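> After the sequence you'll find the predicted model.
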Amino acid sequence: MAKQLLRYEQYTCDDVSKSIRPFMPTALPRPRATGAPRTRRRPEPPSPAVQATRARAAGFAHRNLPLLLLQARERVIGRFRPLLNAHGITEQQWRIIRALLETGPLEPREIVALCNLSSPSLAGVLARMEELGFVSRTRLDHDARRLRVALTPRSRALAARLAPQVEATYAEIERTVGRPFLRQLYATLDDLAAKLGPAEASGDDG
């Protein structure tokens, strides 16, 4: 009797094992790696010599100057972006504040030309800045259709808080590229803008 019971149990276990084997995973999934996610480095552009060679092969005698200036701008603004984000201000808003600090109150059309913003974009930015208390807009006495944009005490206080940190960032850039190079860059950019003349504000580079 005991032998029969043992064979019955053995048969039952083998039968159950065979019936569930097709539904069992062949291997346990590997646990996901923990820790900080890998950051992919942005690929570096080809060297200037390679770019010039490829440009000539494509029928262009000159390298893409607008793209080079845009890439240089991104490298520069990338040094200031964390600072602006920490103070809750956008690049466009800071651009306008710096312009008004250096020139005084301006009309929107003047801000468009000075800050390289499109008119539709500027309208939205100024409306948001007015909500935040950064600028005030008043109508001109001699022409009610025209507006003058001015800074407020709040935006001036913000600029005063930012000034030491902005200057520290400029000092870091100067240490990286060298003071003579930076001075020459300022002069070259001023000279380039003067020789090319004003451009139509038909777009917005952000």
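Perfect, thanks for sending it.

> separation between the residue nearest to Arg146 when sequence neighbours are not counted and Leu101?
What sits nearest to Arg146 in space, not counting adjacent residues and going by Cβ to Cβ, 6 or more residues apart in numbering, is Leu140, at 4.6 Å. (Each C-beta comes from the backbone N, C-alpha and C, glycine too.) Here the criterion is Cβ to Cβ, to the nearest Å. By it, Leu140 lies 21 Å from Leu101.

> Contacts only, for the residue nearest to Arg146.
Applying Cβ atoms under 8 Å, 6 or more residues apart in numbering, we find Leu140 in contact with 146-148.

> Just give me the longest helix of the protein.
Counting by DSSP state H, the longest helix found in the chain is helix 153-177.

> In terms of secondary structure, what does the next helix-or-strand element following it contact?
Once the chain leaves helix 153-177, the next helix or strand it forms, by DSSP states H and E, is helix 179-196. The contact analysis (3 or more Cβ pairs under 8 Å, 6 or more residues apart in numbering; DSSP states H and E) places helix 179-196 against helix 153-177.

> in the helix it packs on, what counts as buried?
Buried residues in helix 153-177, counted by 16 or more other Cβ atoms under 10 Å: 155, 158-159, 162, 166, 169.

> Also stretch 91-102?
Buried-residue list, stretch 91-102, by 16+ other Cβ under 10 Å: 92-97, 99-100.

> Please export the C-alpha coordinates of it as CSV.
Extracted C-alpha coordinates of stretch 91-102, given in CSV (Å, rounded to 0.1, in the frame of the first residue of the first chain):
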residue,chain,number,x,y,z
GLU,A,91,16.5,85.0,-20.8
GLN,A,92,14.1,87.2,-22.7
GLN,A,93,13.0,89.0,-19.6
TRP,A,94,16.6,89.6,-18.5
ARG,A,95,17.5,90.8,-21.9
ILE,A,96,14.8,93.5,-21.7
ILE,A,97,15.8,94.5,-18.1
ARG,A,98,19.4,94.9,-19.1
ALA,A,99,18.4,97.0,-22.1
LEU,A,100,16.2,99.3,-20.1
LEU,A,101,18.9,99.6,-17.4
GLU,A,102,21.4,100.8,-20.0
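
> Could you shift the numbering so residue one becomes 724, and keep it that way?
Noted, 724 is the first residue going forward, which turns the last one into stretch 814-825.

> same question for that stretch, mean pLDDT?
Stretch 814-825 carries an average pLDDT of 96.

> chain center to that stretch, what's the gap?
17 Å (Cα atoms, centre = their mean, to the nearest Å).

> repeat for stretch 846-862
Offset of stretch 846-862 from its chain centre (Cα atoms, centre = their mean): 23 Å.
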